[in-house]
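please find the sequence and the predicted model below.
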Amino acid sequence: MTATILLVLAAGLQLVAAYMSLRLVRLTRGRVAWLLIAAGLVLVTIRRVLDLISIAKGIDKGPTMPDVVAAIIASLCFIAGLSAIGPLFAAAIQGEEMLRKAHGELEKRVQERTAELAQSVADLRQEVAQRQQAQQALRESEERYRQLFASELDAIMLFDAETLQIIDANEAATRLYGYEMDEFLGMTGAAFSAEPKQTLQSMRQTLDEGNSRVMLRWHRKKDGTVFPVEIHSSSFMLGGRKVICGSSHDITKRITAQEALRAAHRQLIVAREEERRRLSRELHDSVGQQIVAAGLKLRALETELKRCAYDAAAGPLAELVAQHRQLSEDVRRVSRALYPMILEELGLAAALRQLQNDMACPETAVEANSPPEIEGARFGREVEIAFYRIAQEALTNALRHGKCRQVFLDLDFEQGQLHLSVIDDGCGFNPDKAGAGQGLHSMRERTEAIGATLEITSEPGRSCVRVQLAAQPIASPSQQQ
């Protein structure tokens, strides 16, 4: 009976061991070793059950007591071992699972990173290709620039922005200035300028504003020849440093043509004034004398009629005398308008005072002013007639269009400069819009012909026409010829 109980206990323990082995099989995901152990335990358990059945039927006496005890001890040891190593297996399997998941995530990250690296490599290759294309385009652009730089007819020079020294120049520059290329490199812009201070100022302006244009600058060639140029310059970055690119165009022909044109204008003005002067003298010496003679005859006739008491002709004769007097005044006025003889006889200050008297009107007061030291001073016929005509034109415009109450004709001479100002208190005008008019155009022509400067400013309540010329008085009127 005891052996049977022990046999049942052994079978139960072996069943428990088989169950635990099956769990380990499940945990180990069906590893072969544990699968075989579990299968063996199941078979042993079945054998014990069969033994129990045999004993119960009396077919067999079953195993001996020592065998049963040994089986129980073996089962207990096996169960204890399984209980000890089960958690370790579970932890190991869990760690293996976590490791597998980590490996999967790592693989995923590696794949993503690989994809990113592949995209980066593709982008880098594209960027390299674009950079190569840009470099090729830059080389082509530089080649075109070099060809344009070399073939340009104007002199072109590149200056370093810090030292203002030439770092490159085209062949046109060497031809224009007469220097060899190795002589040019390292020179500053002021070295070949006849106006070095102004040149340096223009270069600094180019650096500050980005570009500049100088309509007239005088430069000097290697042989010392001074000639006029027009300059265009700009600043930009080239090869990592800031440079100034200056283009010089020789305008000698233009200046010569302008001088010739001014000379032609001057000759035309002189010829026109000479014709006016001739007509004025003709009116004064011929027509004027005939009018004087006719006046004498009219006065003689008037005296004779009064002596004869011929009253019927007194009225018509008085009208005729009045008409003669008006005609004489008109001839004198036209003669002075054509050419003011007082200008030739007494000078500019006296002529301006006569202009004041001739153009005075009740609505507007005209006042001519000049310092005593220039009374009778002479400045040459061309200068005097130009100043007189400008004053005449400005005064006419003020009276005709300015709606002014007062006009000042101010003549002055100081520090070698002859000044004329015509100032009125009228409604003002826009000099830019009025500049196309014949009057202002005539004033500009006359100032250019004598080399003077003309300045016109206007606003409501004050308009000023100012002429200035560097001049020296002539000692005697005879020196004007």
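Structure received. Residues are numbered from 1 along each chain as shown.

which elements pack onto the helix or strand hosting residue 201?
Following DSSP states H and E, one finds residue 201 within helix 196-209. Judged by 3 or more Cβ pairs under 8 Å, 6 or more residues apart in numbering; DSSP states H and E, helix 196-209 is in contact with strand 211-220, strand 226-238, strand 241-250. (C-beta placed from N, C-alpha, C; glycine too.)

just name the most buried of those.
A comparison of the helices and strands packed on helix 196-209 by mean neighbour count, using mean count of other Cβ atoms under 10 Å, puts strand 241-250 on top with a mean of 19.

what angle do that one and strand 226-238 make?
Strand 241-250 runs at 150 degrees relative to strand 226-238, counting by axes from the mean of the first three to the mean of the last three Cα atoms, to 10 degrees.

so residue 186, which of the three states?
coil (DSSP: H, G, I helix; E, B strand; the rest coil).

and it, how many neighbours?
Number of residues near residue 186 (other Cβ atoms under 10 Å) recorded here: 12.

can you get me the start-to-end distance on stretch 371-386?
20 Å (Cα to Cα, to the nearest Å).

make that stretch 276-291, sorry
End-to-end distance of stretch 276-291 (Cα to Cα): 20 Å.

averaging pLDDT per element, find the lowest-scoring helix or strand in the protein.
Within the chain, no helix or strand scores below helix 32-57, which has a mean of 55 by mean pLDDT, DSSP states H and E.

still on that earlier bit, buried residues, the helix holding residue 201. List them.
Judged by neighbour count (16 or more other Cβ atoms under 10 Å), helix 196-209 contains these buried residues: 199, 202-203, 206-207.

neighbours around residue 110, how many?
11.

now the host helix or strand of it: average pLDDT?
Counting by DSSP H and E, the element that carries residue 110 is helix 65-151. Averaging pLDDT along helix 65-151 yields 72.

stretch 270-284 now?
Mean pLDDT, computed over stretch 270-284, is 74.

which parts of stretch 177-191 are buried?
In stretch 177-191, counting by 16+ other Cβ under 10 Å, buried: 177, 179, 184, 187-189, 191.

please apply the same query to stretch 460-473.
Buried residues in stretch 460-473, defined by neighbour count with 16+ other Cβ under 10 Å: 463-469, 471.

what is the most widely separated pair among these?
Largest separation among the buried residues of stretch 460-473 by Cβ to Cβ: 463 and 471, giving 24.9 Å.

tell me how many other residues crowd residue 457.
12.

quick check: it is in a strand.
Yes - under three-state DSSP, residue 457 falls within a strand.

ok, for it, nearest residue in space, not its chain neighbours?
Spatial nearest neighbour of residue 457, chain neighbours left out: residue 464 (5.1 Å); criterion: Cβ to Cβ, 6 or more residues apart in numbering.

which SS class is the one you found?
Of the three states, residue 464 takes strand under three-state DSSP.

what bridges to it?
Listed by DSSP bridges, the beta-bridge partners for residue 464 are residue 423, residue 457.

against residue 169, how distant is it?
47 Å (Cβ to Cβ, to the nearest Å).

what do you get for residue 415?
The value you get for residue 415 to residue 169, if Cβ to Cβ is used, is 43 Å.

can you check residue 263 too?
Distance from residue 263 to residue 169, counting by Cβ to Cβ: 36 Å.

which one of the two has more residues nearby?
Each of residue 263 and residue 169 has its neighbours counted (other Cβ under 10 Å); residue 169 has more, 22 against 11.

now for the helix or strand that contains residue 276, which elements pack on it?
Assigned by DSSP H and E, residue 276 falls within helix 252-282. Packing contacts for helix 252-282, counted by 3+ Cβ pairs under 8 Å, 6+ apart, involve strand 226-238, helix 314-338, helix 341-346, helix 381-401, helix 438-450.

hmm, who's touching the shortest one?
Under the contact criterion Cβ atoms under 8 Å, 6 or more residues apart in numbering, helix 341-346 has outside partners 277, 280-281, 284, 335-336, 350-351, 354, 376, 381, 384-385, 388, 477.

buried subset of these as a ChimeraX selection?
The buried subset of the contacts of helix 341-346, as determined by 16+ other Cβ under 10 Å, is captured in ChimeraX by this line:
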select :277,280,284,335,336,350,351,354,381,384,385,388
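
out of the contacts of helix 341-346, which comes closest to residue 295?
Among these, residue 284 lies closest to residue 295 (Cβ to Cβ), at 14.8 Å.

can you list the buried residues of stretch 177-191 in a markdown table and add pLDDT?
Below are these laid out as a markdown table (pLDDT from 0 to 100):
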| residue | pLDDT |
| --- | --- |
| 177 | 92 |
| 179 | 91 |
| 184 | 86 |
| 187 | 91 |
| 188 | 90 |
| 189 | 87 |
| 191 | 90 |
